[in-house]
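Undergrad: got a structure for you, letters missing:
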């Protein structure tokens with residue numbers, strides 16, 4: 001199978017799981033604080049990655065350690081903290097729409113720091129179409145648009161932080177290390193940077209919180225699935241496709257959330273939401289620029305063929 005296809009499958013699998021995590025989080029918030037869920041899920045994820053790959057990661061250059069620390073700070077600690085704080089000020093639908101602008105910031109960071117080529121016009125057209133679709137999904141039901149400057153600004157910062165994480169991850173992928181080991185290293189720094197937040201926020205774990213099997217199963221799902229597995233597959237996708245092409249899959253999160261809500265929570269799918277889903281998928285297709293991928297693949301094949309002559 002083509003390596004590029006592997007990258008797309010990894011990105012889609014990641015978003016498929018991340019799009020359903022809201023159900024587990026919603027259940028756990030009845031007994032846990034957001035920071036408690038965050039710490040437990042990444043601790044489970046960190047331990048799981050050690051079990052899967054018990055080999056220690058030996059860093060070749062000391063300066064590379066800074067990239068792992070930055071990735072942990074951005075992708076694990078700051079992104080989730082800013083997102084959770086934003087949710088206390090503004091509507092979840094607002095946050096969902098605003099977070100979806102992360103691919104735009106990823107383009108800017110990739111051009112500035114990775115010296116990637118500027119995407120073609122179809123990327124930006126796809127971005128606007130997808131954003132329109134996500135807006136319709138988020139506000140196509142009974143929800144009304146309500147702006148909250150503080151919460152919405154925090155959500156914008158969260159989107160910028162995730163874009164920075166994706167850019168740093170692409171840089172790390174060039175070091176040539178095992179993806180599981182690099183993800184585990186990122187988790188390690190994320191947990192370290194999270195410790196001060198535990199003292200500042202209401203972090204208080206009791207054994208009674210784990211008495212419910214439902215709580216345990218949801219924590220395991222977030223730890224093994226949404227953290228350990230998804231961060232590995234996301235990092236793998238970034239390694240293969242690049243930070244920009246992978247980040248556009250974020251457009252799919254509201255789509256999966258809407259469909260899952262209809263199937264599991266029996267929430268109504270209005271015509272506006274269905275239109276939003278269609279527009280989001282069209283925007284995703286345009287932003288992916290598959291013509292460029294095919295051209296690149298053919299160029300590589302030609303070079304290999306020419307090299308054998």
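TA: Everything's here; your move. These numbers were taken from a predicted model, which means no experiment stands behind them.
Undergrad: Which helix runs longest in this structure?
TA: Criterion DSSP state H: the longest helix present in the chain is helix 149-173.
Undergrad: Which neighbouring elements make contact with that helix?
TA: Judged by 3 or more C-beta pairs under 8 Å, 6 or more residues apart in numbering; DSSP states H and E, the packing partners of helix 149-173 are helix 64-71, helix 79-89, helix 92-99, helix 102-113, helix 179-200, helix 230-241, helix 243-247. (Each C-beta comes from the backbone N, C-alpha and C, glycine too.)
Undergrad: tell me the angle that helix makes with helix 230-241.
TA: 60 degrees (axes from the mean of the first three to the mean of the last three C-alpha atoms, to 10 degrees).
Undergrad: Name the nearest residue to residue 34, sequence neighbours excluded.
TA: residue 84 (4.3 Å; C-beta to C-beta, 6 or more residues apart in numbering).
Undergrad: for that neighbour, what are its contacts?
TA: 34, 35, 38 (C-beta atoms under 8 Å, 6 or more residues apart in numbering).
Undergrad: So which of these wins on neighbours?
TA: Counting neighbours by other C-beta atoms under 10 Å, residue 38 leads those with 27 neighbours.
Undergrad: Please determine how far that residue is located from residue 196.
TA: From residue 38 across to residue 196, the span is 13 Å (C-beta to C-beta, to the nearest Å).
Undergrad: taking the contacts of residue 84 one by one, which sit in helices?
TA: Cross-referencing those against helices under DSSP H gives 34, 35, 38.
Undergrad: What average pLDDT does stretch 247-264 get?
TA: For stretch 247-264, the mean pLDDT works out to 82.
Undergrad: just stretch 194-209 next, same as before
TA: 86.
Undergrad: Then stretch 138-158?
TA: On average, stretch 138-158 scores 75.
Undergrad: Dihedrals phi and psi, residue 132?
TA: phi -60, psi -40 (degrees, to the nearest 10).
Undergrad: wait, what's in contact with it?
TA: Per C-beta under 8 Å, 6+ apart, neighbours of residue 132: 276, 279, 283.
Undergrad: that older thread, dump the helices and strands packed on helix 149-173 to a markdown table, plus distance to residue 8.
TA: Shown next, in a markdown table, are the helices and strands packed on helix 149-173 (distance: least, C-beta to C-beta, whole Å):
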| stretch | distance to residue 8 |
| --- | --- |
| helix 64-71 | 22 |
| helix 79-89 | 23 |
| helix 92-99 | 21 |
| helix 102-113 | 15 |
| helix 179-200 | 16 |
| helix 230-241 | 7 |
| helix 243-247 | 9 |
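Undergrad: Let me know the distance separating the spatially most central residue of the chain from residue 50.
TA: In the chain, the centroid-proximal residue (C-alpha atoms, centre = their mean) is residue 250; its distance is 6.7 Å. For residue 250, the distance to residue 50 equals 28 Å [C-beta to C-beta].
Undergrad: one step back: going by distance to residue 77, which of the ones in helices among the contacts of residue 84 wins?
TA: Of all the ones in helices among the contacts of residue 84, residue 38 has the smallest distance to residue 77: 8.5 Å, by C-beta to C-beta.
Undergrad: In space, what's closest to the closest one - neighbours in sequence excluded?
TA: Closest residue to residue 38 apart from its sequence neighbours, by C-beta to C-beta, 6+ apart: residue 80 at 5.2 Å.
Undergrad: tell me the most buried of the helices and strands packed on helix 149-173?
TA: Counting by mean count of other C-beta atoms under 10 Å, helix 243-247 has the highest mean neighbour count of the helices and strands packed on helix 149-173, with a mean of 27.
Undergrad: which helices and strands does that one pack with?
TA: For helix 243-247, the packing partners by 3+ C-beta pairs under 8 Å, 6+ apart are helix 3-18, helix 102-113, helix 149-173, helix 230-241.
Undergrad: among those helices, which is nearest residue 270?
TA: Using C-beta to C-beta, the helices and strands packed on helix 243-247 put helix 3-18 closest to residue 270, at 22.7 Å.
Undergrad: That closest one: which residues count as buried?
TA: For helix 3-18, the neighbour count (16 or more other C-beta atoms under 10 Å) marks 4, 7, 8, 10, 11, 13, 14, 15, 16, 17, 18 as buried.
Undergrad: Let me have those residues in a markdown table, extended by distance to residue 58.
TA: Formatted as a markdown table, the buried residues of helix 3-18 follow (distance: C-beta to C-beta, whole Å):
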| residue | distance to residue 58 |
| --- | --- |
| 4 | 30 |
| 7 | 26 |
| 8 | 31 |
| 10 | 25 |
| 11 | 29 |
| 13 | 29 |
| 14 | 27 |
| 15 | 32 |
| 16 | 34 |
| 17 | 30 |
| 18 | 31 |
